[in-house]
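Asks: How does the following fold in three dimensions:
(one chain, ligands or ions: 1)
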Amino acid sequence: MAQLWGGRFTKETDKLVYAFNASIGFDKRLFRQDIEGSLAHVKMLGKQGILTKEETDKITDGLVSIRKDVESGVLAIDESYEDIHSFVEAVLTERIGEAGKKLHTGRSRNDQVALDMRLYTRIQVETVEELLKELLTVLLRIMEENLDTYMPGFTHLQKAQPLTLSHHLGAYFEMFQRDRLRMRDIRARMNFCPLGAGALAGTTFPLDREYTAELLGFDGPTLNSMDSVSDRDYLLEFLSALSIVMMHLSRFSEEIIIWNSDEYKFIEIDDAYSTGSSIMPQKKNPDIAELVRGKAGRVYGDLMALFTVMKGLPLAYNKDMQEDKEAAFDAFDTVKNCIVLFTGMLDTIKFRKDRMAESAMRGFTNATDAADYLVGKGVPFREAHGIVGRLVLYCIEKNTSIDALPLAEMRTISNKFEEDIYEAVSLKTCVEKRLTTGAPGRAAMEKVLAVYREYLV
Ligand code: ARG
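Replies: Alright, predicted model coming up:
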């Protein structure tokens with residue numbers, strides 16, 4: 001296949017070298033962005049009088065016809081070309097003749113690929129933000145339905161204090177909302193156009209970079225031509241943010257796996273989102289949650305690959321940077337898939353409120369409240385902590401719980417306990433009296449939900 005750069009060479013490229021160097025196998029997915037960028041470039045060349053009106057029209061029509069034919073399947077992307085840029089230019093010249101050879105005036109593949117990748121990534125950032133919004137919408141729905149679904153809260157995976165399912169899920173709402181804001185930040189920071197940077201030092205043609213940037217929906221052109229062709233920070237930022245999304249999904253998945261276990265039975269994952277075992281007929285496995293947890297590692301790997309590629313590269317463009325694409329595409333695809341599947345799984349989970357409440361009653365989750373009760377009776381907290389510690393030990397020995405212990409026995413440990421202790425350590429009181437901002441009590445949660453609803457309009 002004839003290369004764009006054959007002129008100064010006297011020998012054919014070795015076949016293995018050609019294949020090793022080629023990127024069309026993966027950069028073909030930049031096809032639409034490549035055409036879009038070329039259309040803007042040629043319009044600007046025409047406006048500046050660098051190309052004639054006739055040339056501009058011919059190139060524009062040619063590019064539009066190529067886009068149409070690839071999209072309809074009439075024209076297949078020929079993977080014997082080195083990259084998507086070479087393919088488009090070759091077909092263009094084949095279709096419109098000499099004018100096609102002028103498309104690349106004042107442009108290099110270095111700024112061309114930098115543009116294509118930015119345009120493609122911008123769409124991915126927006127898509128991830130939308131997918132996160134859908135996940136948040138499902139989360140909010142479940143939160144609204146479970147304001148008084150009591151469950152144990154854990155620290156060290158040991159029962160700690162009672163709270164509600166709504167409150168527990170609220171923690172994930174916060175995480176995914178921060179992820180969404182990160183997408184907006186990244187979009188704002190990356191939205192500058194590298195086209196016109198040339199190979200590395202700009203060009204002597206009188207390009208109007210501000211105009212091209214505007215045509216392509218950017219906030220302006222990038223301001224240093226060397227940085228323009230060698231900056232992949234926006235990809236690193238995006239992959240970092242995607243890694244954080246995956247970390248959140250992975251933690252949530254882990255909880256779903258635990259809640260789904262026979263020991264907990266807090267939830268039931270819908271049949272449509274579960275899988276069976278080839279040998280054990282009774283099995284219904286949480287494979288989707290496990291795969292999402294596993295794929296977090298894969299996305300971290302993509303991020304590390306790109307960091308390692310970029311480390312130590314001198315300015316400006318180096319071919320190493322072609323390696324950005326496969327890692328980035330893999331991360332984009334993986335994360336989008338994971339959010340969609342996770343959202344579907346979450347949306348169809350059945351929560352076993354009875355099991356959750358029952359679990360919240362056991363394990364002395366009301367011990368802190370018993371201590372707080374004594375504080376209310378004038379006992380200093382540290383002393384109250386000690387009294388309730390002894391009370392818990394007594395209950396463990398008698399195989400009972402604080403709320404089931406007769407008052408007379410309680411009073412052998414402290415005579416500050418009175419009849420109102422039972423009300424003070426009931427599950428309902430333990431949750432509903434927690435009313436500080438961000439706490440699980442219903443009145444506190446209602447205020448937070450009002451804020452969350454605003455995020456989703
Ligand atoms: N395929 C290349 C990449 O993805 C395009 C830029 C090629 N530039 C060059 N000078 N060889 O980075």
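Asks: all contacts plus neighbour counts: C-alpha atoms, from now on.
Replies: Will do.
Asks: Give me the buried positions along stretch 165-180.
Replies: For stretch 165-180, the neighbour count (16 or more other C-alpha atoms under 10 Å) marks 165-167, 169-170, 172-173, 175-177, 179-180 as buried.
Asks: Could you do stretch 313-323 as well?
Replies: Within stretch 313-323, the residues that count as buried by 16+ other C-alpha under 10 Å are 316-317, 321.
Asks: got the buried residues of stretch 165-180 as JSON lines, with pLDDT and secondary structure columns?
Replies: Converted to JSON lines, the buried residues of stretch 165-180 look like this (pLDDT from 0 to 100; DSSP: H, G, I helix; E, B strand; the rest coil):
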{"residue": "Leu165", "pLDDT": "98", "secondary structure": "helix"}
{"residue": "Ser166", "pLDDT": "98", "secondary structure": "helix"}
{"residue": "His167", "pLDDT": "98", "secondary structure": "helix"}
{"residue": "Leu169", "pLDDT": "98", "secondary structure": "helix"}
{"residue": "Gly170", "pLDDT": "98", "secondary structure": "helix"}
{"residue": "Tyr172", "pLDDT": "98", "secondary structure": "helix"}
{"residue": "Phe173", "pLDDT": "99", "secondary structure": "helix"}
{"residue": "Met175", "pLDDT": "99", "secondary structure": "helix"}
{"residue": "Phe176", "pLDDT": "99", "secondary structure": "helix"}
{"residue": "Gln177", "pLDDT": "98", "secondary structure": "helix"}
{"residue": "Asp179", "pLDDT": "99", "secondary structure": "helix"}
{"residue": "Arg180", "pLDDT": "98", "secondary structure": "helix"}
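Asks: Tell me which stretches of the stretch 201-350 of the chain form strands.
Replies: 267-268, 350-351 (DSSP state E, counting those that start in this stretch).
Asks: Just name the most buried of those strands.
Replies: strand 267-268 (a mean of 19; mean count of other C-alpha atoms under 10 Å).
Asks: what sits up against that strand?
Replies: With contact meaning C-alpha atoms under 8 Å, 6 or more residues apart in numbering, strand 267-268 is reached by 256, 259-260, 349-352.
Asks: Switch those residues over to CSV; also include distance to Val91 and pLDDT.
Replies: What follows is these, written out as CSV (distance: C-alpha to C-alpha, whole Å; pLDDT from 0 to 100):
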residue, distance to Val91, pLDDT
Ile256, 52, 98
Trp259, 57, 98
Asn260, 55, 96
Ile349, 51, 98
Lys350, 55, 98
Phe351, 57, 98
Arg352, 61, 98
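Asks: With distance to Arg298 as added columns, please give the residues you listed in CSV.
Replies: As requested, the contacts of strand 267-268 are exported to CSV (distance: C-alpha to C-alpha, whole Å):
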residue, distance to Arg298
Ile256, 20
Trp259, 25
Asn260, 24
Ile349, 26
Lys350, 29
Phe351, 30
Arg352, 33
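Asks: now these: which count as buried?
Replies: If we count by 16+ other C-alpha under 10 Å, the contacts of strand 267-268 have these buried: 256, 259-260, 349, 351.
Asks: Out of those, the closest to Thr137 would be?
Replies: Thr137 lies nearest to Ile349 out of the buried ones among the contacts of strand 267-268, by C-alpha to C-alpha, at 14.8 Å.
Asks: Leaving out the residues flanking it, which one is nearest to that closest one?
Replies: In space, and not counting its chain neighbours, Ile349 is closest to Ile269: 4.8 Å by C-alpha to C-alpha, 6 or more residues apart in numbering.
Asks: Could you export stretch 396-414 as PDB, CA atoms only?
Replies: Provided in PDB are the C-alpha atoms of stretch 396-414 (Å, rounded to 0.1, in the frame of the first residue of the first chain):
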ATOM      1  CA  ILE A 396     -23.700 -12.000  75.700                       C
ATOM      2  CA  GLU A 397     -23.400 -14.400  78.700                       C
ATOM      3  CA  LYS A 398     -27.200 -14.600  79.000                       C
ATOM      4  CA  ASN A 399     -27.600 -14.900  75.200                       C
ATOM      5  CA  THR A 400     -29.900 -11.900  75.000                       C
ATOM      6  CA  SER A 401     -30.000  -8.300  73.800                       C
ATOM      7  CA  ILE A 402     -30.200  -5.000  75.600                       C
ATOM      8  CA  ASP A 403     -33.800  -4.300  74.600                       C
ATOM      9  CA  ALA A 404     -34.900  -7.700  75.800                       C
ATOM     10  CA  LEU A 405     -33.200  -7.500  79.200                       C
ATOM     11  CA  PRO A 406     -35.600  -7.000  82.200                       C
ATOM     12  CA  LEU A 407     -35.100  -3.600  83.900                       C
ATOM     13  CA  ALA A 408     -34.200  -5.200  87.200                       C
ATOM     14  CA  GLU A 409     -31.200  -7.000  85.700                       C
ATOM     15  CA  MET A 410     -30.100  -3.800  84.000                       C
ATOM     16  CA  ARG A 411     -30.200  -2.000  87.300                       C
ATOM     17  CA  THR A 412     -27.800  -4.400  88.800                       C
ATOM     18  CA  ILE A 413     -25.300  -2.800  86.400                       C
ATOM     19  CA  SER A 414     -26.400   0.800  86.800                       C
END
